[in-house]
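*Asks:* fold the following for me, if possible:
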Amino acid sequence: MNKFTQEFHIPCYNTDMSWRLKPAAFMDLAQEAANQHATILGFGYDDLITSKTAWVLSRMMVPSAGTVLMAPVRISRARHGACTET
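*Replies:* Alright, predicted model coming up:
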């Protein structure tokens, strides 16, 4: 089975004081990953415009706190520190 992976650079303002991703930022990243994956599979935005069709996200379910949502995210302390000092 092929898996879709994508690397994101997360700005410091999308994290809390403990460097955890804020829920709203997670939802934005999940939608962006879905969009990129749909494009690769041939039904991204441009493909849908051409065929005069659409897909709609009707709901999202996010597991409760403490549940692993995806692979661990590496955060560079130097980058985070530099970001919070500006």
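*Asks:* for Lys22, what are phi and psi?
*Replies:* Note on Lys22: backbone dihedrals following degrees, to the nearest 10 are phi -70, psi 150.
*Asks:* touching, it and Asp16? I think so.
*Replies:* Yes: in this structure, Lys22 is within contact of Asp16 by Cβ atoms under 8 Å, at 6.0 Å. Backbone N, C-alpha and C define where each C-beta goes, glycine included.
*Asks:* quick one, which of these two is more surrounded?
*Replies:* Set side by side, Lys22 and Asp16 show more neighbours around Lys22, with 13 against 10, by other Cβ atoms under 10 Å.
*Asks:* how close does that one get to Thr5?
*Replies:* Computed with Cβ to Cβ, to the nearest Å, the distance linking Lys22 and Thr5 is 22 Å.
*Asks:* what do Lys22 and Asp16 both touch?
*Replies:* Here Lys22 and Asp16 have no joint contacts, going by Cβ atoms under 8 Å, 6 or more residues apart in numbering.
*Asks:* name the residue closest to the centre of this structure, please.
*Replies:* Nearest residue to the geometric centre of the chain (Cα atoms, centre = their mean): Leu29, 1.8 Å.
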